[in-house]
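S.K.: Model the following, please.
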Amino acid sequence: LSDDGNTANGDDNCTVTPLSQASSIAIVKTGVFDDLNGDGYAEVGEHINYTFTVTNTGDTVLSDIVVTDNELPIEWTSVQTIATLGVAEQFIVTGYYVLTQDDIDAGKVTNQAGVKAFDPDGFPVDDVSDGSDVAGNNPTVTILPVDNCTITVYNMVFIGGMPNAATDMNYEHLQIAGIVCFPDNTVEIYNRWGIKVFETKGYNNNDKAFRGYSDGRVTVNNSAALPEGTYYYILKYKDGNNTREKAGFLHLTR
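M.R.: Below you'll find the predicted structure:
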């Protein structure tokens, strides 16, 4: 038998070596895009489904565990709290996030969650989430499948110059991004008095494009250079069995 170091009394006493205990916790957050309408593309109103996996990575029992996600308005589909979490045990929380137009434009959603608990002595223990590793603290990035055929109208027509190098938003014609995906289309342009000054079918940003000239089908002379100013466009196009329409102002500068 080992002795506690006191040989004077002749007793064999056990040696007590206190062992230190470490409390720690980890959270991993994963996201999966939920294509609610099944068309293969992310759209406003569709979801990212999140799973938050909390693990007690220390050697003490933890209490009052709470999962939070302050960066996104998560709709929780399970409870976010649990009373206790034993050593090596896991606690799984689920929820979803509703996509916005900003998310679609960015093509991804990036954020982090957090978890907080208390050790047996009442001291807080916390962690911020990683996308895959309990030892990491990197934000979760969910890539969105974006439809490259989304119609975008660049309504600044600048005649006699190059596109704006800083923004690439000004063109020498009315640029309609994504229109090649919808060849069954019509474009009409009206001046401030409501007179139609341009009309074409099969607009394609190339040989069929508005370049600041009338097409001569109404009261404005054929191929007449239109004055600077604000005009109004109407775009109609077939998307499958649906006819869609976009309209708005365009600005012509010479």
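S.K.: Thought Y231 was touching V197, still the case?
M.R.: Yes. V197 sits in contact with Y231 when judged by Cβ atoms under 8 Å, with a separation of 7.1 Å. Backbone N, C-alpha and C define where each C-beta goes, glycine included.
S.K.: list residues touching both of the two?
M.R.: In terms of Cβ atoms under 8 Å, 6 or more residues apart in numbering, V197 and Y231 are both contacted by the residues 189-191.
S.K.: pLDDT weak spots in the protein?
M.R.: Per-residue confidence of the chain (counting by pLDDT under 70) places the weak regions at 1-20, 160-170, 216-223.
S.K.: ok, 50 please
M.R.: Per-residue confidence of the chain (counting by pLDDT under 50) places the weak regions at 163-168.
S.K.: Next, format the shared contacts of V197 and Y231 as a markdown table and append distance to G248.
M.R.: Listed next are those as a markdown table, based on distance: Cβ to Cβ, whole Å:
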| residue | distance to G248 |
| --- | --- |
| I189 | 11 |
| Y190 | 12 |
| N191 | 15 |
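S.K.: Out of those residues, give me the one that has the most neighbours.
M.R.: Neighbour counts for the shared contacts of V197 and Y231 were taken using other Cβ atoms under 10 Å; the highest belongs to I189, with 24 neighbours.
S.K.: How much space separates that residue from F182?
M.R.: Spatial separation of I189 from F182 under the definition Cβ to Cβ, to the nearest Å is 18 Å.
S.K.: before we move on, what about Y203?
M.R.: 9 Å.
S.K.: who has more neighbours, these two?
M.R.: A direct count of neighbours by other Cβ under 10 Å for Y203 and F182 places Y203 higher, at 22 against 19.
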